[in-house]
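> Attaching a predicted model along with its sequence, questions to come.
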Amino acid sequence: MKVAILGTGYVGLSTGVSLSEIGHHVCCIDVDEGKISLLQQGISPIYEPGMEEFLARNIAAGKLRFTTSHREGLAGAEIVILAVGTPQRDDGSADLTYLEEAAKDLAAHLIQGTIVVIKSTVPVGTNDEIRKIIETNCHEDVSVEMVANPEFLRQGSALKDTLEADRIIIGSENQQAASKVKEMYSPLKVPCMMTSIRSAEMIKYASNAFLATKISFINAVANLCEAVGADVTDVAKGMGMDKRIGNHFLQAGIGYGGSCFPKDVKALWHTTRKHDVDFGVLAETMRVNDEQQVLLVKKALKRFDGHLSGKKIALLGLSFKPDTDDMREAPSIKISQELNKHGAQVVAYDPVATSNAKRVIGEKITYADNLLEAITDADAVFVVTEWQEIKQLDIALLGKVMKKVIVFDGRNCFDEEKIHSCKNIEYYPIGRPAI
Ligand code: UGA
């Protein structure tokens, strides 16, 4: 099939690359000339494991192209996928400006029978609004069929999540359009669920909000575990053995971040307000997360009797999770701000996110070139992101380069045996007894 994709962010690019991998002819369109020029050379503008191999293979096979020209990119496309960003407005609602612009851009080039798929995360009712925009801006004799097809990929495992998805949601009021989109995905052998447009839009938000709530729930359990002397790792394992609960997304830590959960929970909350529906759980999910993101600072303040001024704190990890350079809503931002407020001297290390972090956090903190530089002479270590390199840290080394080894582990990276390899360590994990 000939497929055009508008938007080459995480979702658009992963979708384009995956659809070309399964045999379709894909043209990705973006208004950002810099991005398109990189992609034409097979260079990925985002850090995503495996992306450049997939790009190279499919560009060479002539199945994947990139352009800034809507006319060129949309020519002959049977399916057009909208995958532009829907960022957060100040009031928490989703900003649909990019989507509306993309709809206008494509309307002028649409031919009768083209199926328009919205993959961007959009509030319920958006597909109807976008249909109106397209129909107002396209030729009189052209009608469009809309399909809501939300995406469930995670950054860091975007290609695997697309190619081996748990499910594909296809929402449409038009049987033929839905079947065509199902056919596009058929080589993937992933179960498809057909539903209405509004249910498909809702499935995306409800899924992300549920996962975020699961994280806030286990973080609240972790805080209780600390108070009563239980171990949240065992508690989560025991809970997860019940198939109805499941063992995924029960990893206690310093809260969820990224470009999706914080934004989507807020947008869903905004929708509940708009429709005057009581959904207090969402407010609590957000409140617990806000508190959790600064938990390490609170623990350090307690340990140092309220005085962090002049203390060197090594922040290990800056990105919102491992295997990505994405800094959006990363807990490291709030942690740095709080530590700065208390006069601490922050030295941070991240294997890939440093240049993004410099843009977001700025020069108020120092950035180390390697792990050793960050931990040398530190008064305390904060484990913020569970990168493999950080999980593999030789704990005994801390004893050699720190006067007193004090570790606040926000991701429960180290087991007891490893901790004991360092003498005189003070170790403060999340939801587990301190050592
Ligand atoms: C999330 C969803 O997992 C995807 O299904 C969805 O498609 C995507 O949002 C989206 O809407 O585009 P992502 O934000 O890439 O994906 O990352 P996750 O792996 O879900 O992690 C989100 C945050 O939750 C991270 O900060 C992570 O550290 C935290 N987390 C995750 C926990 O604190 N505990 C866990 O057990 C799992």
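Ah, there it is. Numbers count the residues shown, from 1 in each chain.
> going forward, measure contacts and count neighbours with C-alpha atoms only.
OK.
> burial measure for the closest residue to Pro49 other than its chain neighbours, as a count.
In space, and not counting its chain neighbours, Pro49 is closest to Gly156: 6.4 Å by C-alpha to C-alpha, 6 or more residues apart in numbering. Neighbour count for Gly156, taken as other C-alpha atoms under 10 Å: 19.
> Surely Gly156 is in contact with Asp325?
No: under the criterion of C-alpha atoms under 8 Å, Gly156 makes no contact with Asp325, lying 9.2 Å away.
> Residues that sit against both of those two, list them.
Residues touching both Gly156 and Asp325 (C-alpha atoms under 8 Å, 6 or more residues apart in numbering): Tyr47.
> Tell me the residues of this protein that contact the ligand?
151-155, 215, 249-253, 255-261, 320-321 (C-alpha under 6 Å from any ligand atom).
> 8 Å - rerun?
Within reach of the ligand by C-alpha under 8 Å from any ligand atom, the chain has these residues: 11, 121, 151-158, 204, 207-208, 211-212, 214-215, 248-261, 264, 320-322, 330-331, 385.
> Off-centre distance for the helix or strand bottoming out on mean pLDDT in the chain?
Lowest on mean pLDDT, DSSP states H and E among the helices and strands of the chain sits helix 416-419, with a mean of 86. Put simply, helix 416-419 sits 31 Å off its chain's centre (C-alpha atoms, centre = their mean, to the nearest Å).
> follow-up on the earlier one: pull out the buried members of the residues of the chain next to the ligand.
11, 121, 151-153, 155-158, 204, 208, 211-212, 214-215, 250-261, 264, 320-322, 330-331, 385 (16 or more other C-alpha atoms under 10 Å).
> separation between Pro262 and Ala94?
In this view, Pro262 and Ala94 are 12 Å apart by C-alpha to C-alpha, to the nearest Å.
> scratch that, Ala103 is what I was asking about
Distance of Ala103 to Ala94, given as C-alpha to C-alpha: 16 Å.
> what's the answer for Ala236, then?
Ala236 is 33 Å from Ala94, where distance means C-alpha to C-alpha.
> quick revisit: now do the same contact list for the residue nearest to Pro49.
So Gly156 contacts 47-49, 322-324 (C-alpha under 8 Å, 6+ apart).
> For it, give me the pLDDT.
In this model, Gly156 is scored at 87, pLDDT.
> On the secondary structure side, give me the element for it.
Per DSSP states H and E: Gly156 is located in neither a helix nor a strand.
> And it, how far from Tyr47?
From Gly156 across to Tyr47, the span is 8 Å (C-alpha to C-alpha).
> overlap in contacts of those two?
323-324.
> how about the nearest residue to Asn247 once chain neighbours are set aside, phi and psi?
Take Asn247 and drop its neighbours on the chain: the residue closest to it by C-alpha to C-alpha, 6+ apart is Gly240, 3.8 Å away. With angles defined as degrees, to the nearest 10, Gly240 sits at phi -70, psi -20.
> Report the contact partners of Gly240.
Taking C-alpha under 8 Å, 6+ apart, one finds 246-248, 250 in contact with Gly240.
> Let me know the pLDDT of Asn424.
So Asn424 comes in at 85 (pLDDT).
> mind checking how far it is from the ligand?
Between Asn424 and the ligand the computed distance is 29 Å (C-alpha to the nearest ligand atom, to the nearest Å).
> Same check on Ala102?
Applying C-alpha to the nearest ligand atom, the value for Ala102 to the ligand is 19 Å.
> What of Val17?
Taking C-alpha to the nearest ligand atom, one finds Val17 at 16 Å from the ligand.
> got the contact list for the helix or strand where that residue lies?
Take DSSP H and E as the rule and Val17 turns out to sit in helix 10-21. With contact meaning C-alpha under 8 Å, 6+ apart, helix 10-21 is reached by 5-7, 25-28, 46, 51, 54-55, 58, 63-64, 82-84, 119-120, 151, 153, 155, 158-159, 162-163, 185.
> In contact with the residue nearest to the spatial centre of the chain: list those residues for me.
Of all residues in the chain, the one closest to the mean position by C-alpha atoms, centre = their mean is Gly258, 4.3 Å from it. If you count contacts by C-alpha under 8 Å, 6+ apart, Gly258 has them with 320-321, 326-330.
> make it 7 Å
Counting by C-alpha atoms under 7 Å, 6 or more residues apart in numbering, Gly258 touches 320, 327-330.
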